[in-house]
Every structure is written in C-alpha cells, then in structure tokens.
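1. Whatever this is, show me its structure:
(chains A and B)
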Amino acid sequence: MSDIALAAPDDLAANQRLRLAGGYRLQFEPAQGRFVLLYPEGMVELSDSAAAVLKKCNGEGPLARSEIIDALQCDYPGADIAQDVHEFLGEALQRGWLIPVGAK
Amino acid sequence: MNEGGPRWLLAELTYRCPLRCVYCSNPLDYARIDKELSTEEWLRVFREARELGAVQLGFSGGEPLVRADLEVLVGEARRLGFYTNLITSGIGLSAVRLARLRDAGLDHVQLSFQAATPDINDAIGGAATFSRKLKAARMIKAAGYPMVLNFVLHRQNIEQVERILLLSLELEADYVELANTQYDGWALINRDALLPTAEQLAAAEAVVTKWRETRGASPKIYYVVPDYYGGRPKPCGGGWAKTLLVVAPDGLALPCHGARKIPLPFPNVKNQNLAAIWQESTAFQHFRGEAWMEEPCRSCPERGKDFGGCRCQAMALTGNAASTDPTCAKAPKHYLVQQAVAAIRSTSPPELVRRS
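-> Residues are numbered from 1 along each chain as shown, chains lettered A, B, ... in the order given. As a prediction, the model looks like this:
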C-alpha cells in the first residue's frame, strides 16, 4: 500500500464527511481471521489498523475525518495516530473505498 | 481459520441461455448435461463453500435468470455472508425481477454486451438483444447498483473499443471489462474468425491507454490481456485449486470452468461434501502447487507467477493438460499459437459457427 502518493492533511479535508462507497461491504471473515472489504467481484484483505479505521466509516452516520481520528484516538489512547489515519483516509478515498458524503 | 480454502465460488446454475454466442463458454456437449442441481442441493453447496471460507459468489451460467429459484439462492447466499454477483446477459431481467433480487440481498450485477452497436451485438450473440440490454443497464443503475459491463473482444468488435467506452459512460457503468477472448470451447472452433490482428490489438490498447489518461477513473477499465500475442501465458486463476471453485449445473466440481474436458476424475457435489472435494480429491490436488510441472515450467523463474499458464488451454491445444501453455514463448508447442496468428494474416475470416 506504499505506491500511492498521499495528500498532506489540511483543514478543509478534516471537515470532510466520509462513508463507504456504494457496493462496498466491510465484513469479518472467520476463515481468514480478519476483516475484508468486499466489492463487485473483488476483495481487499485488511490489516487490523485499516479495519479499525474503516469500521468508523461504516457506522450509523457518516463522520468527518476529524471525528474519525478523535474516535480512534479514544480507542488507542497514548498512540500518535492522527497522521497515519489521515494518510490512510486519503488513500482509501483515492482507491474509491470511501467517498465524500453528498457524492454519488 | 481456514487459510487454504477457496475464496471465490462460481455457481454455474444452468447451461440454458437465450443467446448463442460464438465464443460461448458452455462445454461443446453441454446439451447432453440436462440434469441440473436442485434448489436444496445448491443451498447445501453454498453452506459448505462458506464454511470453507468462500466469500465471493458469482451466479453464472448459461443465463442464471433462467432459474426460477434464483431469488431463493441469492437470499440464502447473502444471509450466509457471501458477496453476491449476478453475471447476466440481461435477457429475462425485468424491473420486478430486479426488485425481487434486490430484496433478496443481491449485491452487484455484471451485464454482458456483445458489441457497442445492435448489428454486431445481435450477430455475435445470435439473437436480437441489444435494445433489451440497454434497458437492463438502465434498470440496474436505477436500482442503485454498482454495474460492471462486460465486453468480450475479438476481431469482429475490437475496432469498437472507443464506442464501447462511450456507451459504458453513457450507461453510467462503474466498471467496464474489456476481455480478450479466451480461445477454448466454442471460441476455439471459431478462432480463425475471432482472433484479432496485432494491428487491431495495438489500436485498441492505444484507445484504452488514452482513455485512462484523459477521462479519469469513471468508468474504471479492466483490460483482460490477450495471450496469443506477447508470448506470456496468463496465470491459471491464482493457481489450480487455489482460490476459485466452480460448480457446474450438473454438480461437477471444477477448479476452473473450462476444466471439464481435462481427463481427471472430477468429483460431484451430489456425492461428496466440498471440504473433501477441495482438500482431498485427486482432481483438485493434481495441478496444485508445482510438483506436476514439466520442463520448461519446472525450472522457470516465472512459474510462481503464471503457474505454467492455463491447464485448460494446454489440454485444448496440445492434448496434454500438464504441458506448458502453448501461448508461452518458451513452450515446446508455442509454434501452434504462432501458426494460428500467422494463419489469420494470410486468409480471410471463415464463417462463424453458431453454438448449438
């Protein structure tokens, strides 16, 4: 997952509300012992940290980036995660896993 | 945990189909195979596949909409946790049927076209279907589905690639699959009429490259490379019996939908459970891993990448499923592919043979 150029964090992006794109489904797979992201005719096997972030985007209502980061910071107190999460969200947007709310 | 289990179950529900495509993937003698699995048998297959770790489920055929129990099958598959893909010609898809499938939990629809224009589409498919496919595409999008449009490419439609992409854009496809024909079964019978020239391929690939550069990400193009040109074989799935499990309409379990003609004792889901089939059957073990390989595959540095190419193609072209896929430039019988490519340059295309 290192082949993607990552956008620098900025205030505008921090307020962007995100949700899983249509046709994508986040699911725990007992046979694999991990979360996977399912989409038409394909699947991404997720690391624990990627799954933790995407689970926040898969809740009741779409969250803003800053809210996602805050929520994860609560789950992992003491860890400095903001930059990593921000970069992952940028990558997930670029790959089309997440979309800004309001978009199709 | 079941790390070594299949991830993809392709359920070929039926060989029946209202189309008669000249590259049909049904076996040549499919008409002989008329006894289809029952609803209950399919549901057992789904449960067993899910227990093995399969998570993507393709409802295919033939035309899966021919099965009146499709909604029941989709509903149970979705309940079991499968991501459910309907792979269809669109013929038989009404708004009512689509709504029922959606209620059952269908996740996604892949719709095939035979070309971007009605004349070629209907000639290749052997039935007047183009306008019905357009309607089906609009229904699928109106129902809010992500949509993959699939076009099998060959000599008769490959010059339409730009029109294909424009049509896909107009129909709001999320993905468009441009799949160069795999020359097996009916497509092998029609190979001399279907194999594109190197110039046609280069022109088509230039269009794809330009589209990707200038049009951005939508629709996303999956380009399935041709293996008759370039001298490199296509990898066999992710390797024989590695991730894909196919169950044919009559219950035959196969590592690939083209494997039926390989002389191995393929098991039937009516007689054995899928775990035994996947883990222990002779046929599934046969080409798993690398021990079966002959030279030049056995010592080839690319053997872990292409797995010696396609076993079904090796069988079809050389009569020996264990031989190196002849599309590989290193294959002892690569001349078979070179001769086929040379033949289309010196002769005009023969008449297409319509699938029975």
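2. B:Leu19 contacts B:Leu65, correct?
-> No: B:Leu19 is beyond contact range of B:Leu65, at 11.7 Å (criterion: C-beta atoms under 8 Å). For glycine as for every other residue, the C-beta is placed from the backbone atoms N, C-alpha and C.
3. Between these two, which is the more surrounded one?
-> B:Leu65 (25 against 19; other C-beta atoms under 10 Å in any protein chain shown).
4. re the thing from before, any common contacting residues for B:Leu19 and B:Leu65?
-> B:Ile91 (C-beta atoms under 8 Å, 6 or more residues apart in numbering or on different chains).
5. So for stretch A:49-63, mean pLDDT?
-> For stretch A:49-63, mean pLDDT rounds to 86.
6. in that stretch, what counts as buried?
-> With burial defined by 16 or more other C-beta atoms under 10 Å in any protein chain shown, the residues of stretch A:49-63 counted as buried are A:Ala50, A:Ala51, A:Ala52, A:Val53, A:Leu54, A:Lys55, A:Lys56, A:Cys57, A:Asn58, A:Pro62, A:Leu63.
7. Which neighbouring elements make contact with the host helix or strand of the third one?
-> Assigned by DSSP states H and E, A:Ala52 belongs to helix A:48-56. Here helix A:48-56 touches strand A:25-29, strand A:34-39, helix A:65-75, helix A:82-95, going by 3 or more C-beta pairs under 8 Å, 6 or more residues apart in numbering or on different chains; DSSP states H and E.
8. Try it again at 7 Å.
-> helix A:65-75, helix A:82-95 (3 or more C-beta pairs under 7 Å, 6 or more residues apart in numbering or on different chains; DSSP states H and E).
9. any idea how far the longest one is from the chain center?
-> Using C-alpha atoms, centre = their mean, to the nearest Å, the distance from the centre of helix A:82-95 to the centre of the chain it belongs to is 7 Å.
10. Can you find the helix or strand of chain A with the lowest average pLDDT?
-> One helix or strand of chain A scores below all others by mean pLDDT, DSSP states H and E: helix A:11-14, with a mean of 60.
11. how about the nearest residue to the closest residue to chain B within chain A, chain neighbours excluded?
-> In chain A, the residue that lies nearest chain B is A:Ala31 (2.9 Å; C-beta to the nearest C-beta). In this structure, A:Ala31 finds its nearest non-sequential neighbour in B:Gly53, 2.9 Å apart by C-beta to C-beta, 6 or more residues apart in numbering or on different chains.
12. Could you double-check that that neighbour sits in contact with A:Pro30?
-> No: using C-beta atoms under 7 Å, B:Gly53 makes no contact with A:Pro30, being 8.0 Å away.
13. Compare neighbour counts for the two and give me the winner.
-> Using other C-beta under 10 Å, the more surrounded residue of B:Gly53 and A:Pro30 is B:Gly53, with 19 against 12.
14. what's the more buried one sitting at in phi/psi?
-> The phi/psi pair for B:Gly53 (degrees, to the nearest 10) reads phi 110, psi 0.
15. Can you give me every residue that contacts it?
-> By C-beta atoms under 7 Å, 6 or more residues apart in numbering or on different chains, the contact list for B:Gly53 reads A:Glu29, A:Ala31, A:Gln32, B:Asn2, B:Gly5, B:Pro6, B:Arg7.
16. and it, how far is that from A:Ala51?
-> Distance of B:Gly53 to A:Ala51, computed by C-beta to C-beta, to the nearest Å: 17 Å.
17. re earlier: didn't the residue of chain A closest to chain B look like it was pressed against B:Gly5?
-> Yes: in this structure, A:Ala31 is within contact of B:Gly5 by C-beta under 7 Å, at 5.7 Å.
18. who has more neighbours, those two?
-> Neighbours were counted for A:Ala31 and for B:Gly5 using other C-beta under 10 Å; B:Gly5 has more, 21 against 18.
19. Just confirm the more buried one is within a helix.
-> No: looking at B:Gly5 with DSSP: H, G, I helix; E, B strand; the rest coil, it is coil, so not inside a helix.
20. tally of neighbours for residue 75?
-> You didn't pick a chain, so chain A it is. Quick note: A:Asp75 (other C-beta under 10 Å) scores 11 neighbours.
21. Not quite, go with chain B.
-> Neighbour count for B:Gly75, taken as other C-beta under 10 Å: 19.
22. can you check the one 5 residues further on too?
-> Residues near B:Leu80, counting by other C-beta under 10 Å, number 17.
23. Could you measure from the nearest residue to it once chain neighbours are set aside over to B:Phe130?
-> Spatial nearest neighbour of B:Leu80, chain neighbours left out: B:Arg50 (4.6 Å); criterion: C-beta to C-beta, 6+ apart. B:Arg50 sits 37 Å away from B:Phe130, going by C-beta to C-beta.
24. Considering only chain B, name the residue that lies closest to chain A.
-> For chain B, C-beta to the nearest C-beta, closest residue to chain A: B:Gly53, 2.9 Å.
25. Contact partners for the residue nearest to the spatial centre of chain A?
-> Nearest to the geometric centre of chain A sits A:Leu54, at 3.7 Å (C-alpha atoms, centre = their mean). By C-beta under 7 Å, 6+ apart, the contact list for A:Leu54 reads A:Leu26, A:Leu37, A:Leu46.
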